[in-house]
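Colleague: I would like the atomic coordinates for the input below:
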Amino acid sequence: MKSRPEDLDDSTIVECLRVAHGFDIESLAYRAVGFGSHHWLATGRGGEMLFVTVDDLSSKRRDADDTTDDAFLRLAAAFAAVHALQHDALL
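Modeller: Below you'll find the model as predicted:
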């Protein structure tokens, strides 16, 4: 996405990464790359870096009957497929 989401503060991302993943952020920079998702580059206090992706599940609904839960399940399946491919490649 070329523009930041208006309803998501950087502080929310910082706190989520700290609480859920134990990642202490030194800096967080929005990256206007790709399409369909929002991206940030998070740099930790020790110099480690994470590429952070946030998806708006409402925008991923296919039709009026599709739910954000359905969109989440499709996204989770896509990430699981990528993880499996990476794991298989390392064997």
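Colleague: When you work out contacts or count neighbours from here on, use the C-alpha atoms and nothing else.
Modeller: OK.
Colleague: Quick check: buried residues in stretch 67-74?
Modeller: Buried residues in stretch 67-74, counted by 16 or more other CA atoms under 10 Å: 71-72.
Colleague: for the protein, which helix is longest?
Modeller: Counting residues, the longest helix in the chain under DSSP state H turns out to be helix 68-90.
Colleague: Against which helices or strands is it packed?
Modeller: The contact analysis (3 or more CA pairs under 8 Å, 6 or more residues apart in numbering; DSSP states H and E) places helix 68-90 against no helix or strand.
Colleague: Using PDB, write out the CA atom coordinates for that helix.
Modeller: Extracted in PDB, the C-alpha atoms of helix 68-90 (Å, rounded to 0.1, in the frame of the first residue of the first chain):
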ATOM      1  CA  THR A  68     -13.100 -11.300   7.900                       C
ATOM      2  CA  ASP A  69     -12.700 -14.700   9.500                       C
ATOM      3  CA  ASP A  70     -12.800 -16.200   6.100                       C
ATOM      4  CA  ALA A  71     -10.200 -13.700   4.900                       C
ATOM      5  CA  PHE A  72      -8.000 -14.500   7.900                       C
ATOM      6  CA  LEU A  73      -8.200 -18.200   7.200                       C
ATOM      7  CA  ARG A  74      -7.100 -17.700   3.600                       C
ATOM      8  CA  LEU A  75      -4.200 -15.500   4.800                       C
ATOM      9  CA  ALA A  76      -3.200 -18.000   7.400                       C
ATOM     10  CA  ALA A  77      -3.200 -20.800   4.800                       C
ATOM     11  CA  ALA A  78      -1.000 -18.700   2.500                       C
ATOM     12  CA  PHE A  79       1.500 -18.100   5.300                       C
ATOM     13  CA  ALA A  80       1.400 -21.800   6.200                       C
ATOM     14  CA  ALA A  81       2.200 -22.700   2.600                       C
ATOM     15  CA  VAL A  82       5.200 -20.400   2.500                       C
ATOM     16  CA  HIS A  83       6.400 -21.800   5.800                       C
ATOM     17  CA  ALA A  84       6.100 -25.300   4.600                       C
ATOM     18  CA  LEU A  85       8.000 -24.500   1.300                       C
ATOM     19  CA  GLN A  86      10.800 -22.900   3.300                       C
ATOM     20  CA  HIS A  87      11.000 -25.800   5.700                       C
ATOM     21  CA  ASP A  88      11.000 -28.300   2.700                       C
ATOM     22  CA  ALA A  89      13.800 -26.300   1.000                       C
ATOM     23  CA  LEU A  90      16.000 -26.500   4.100                       C
END
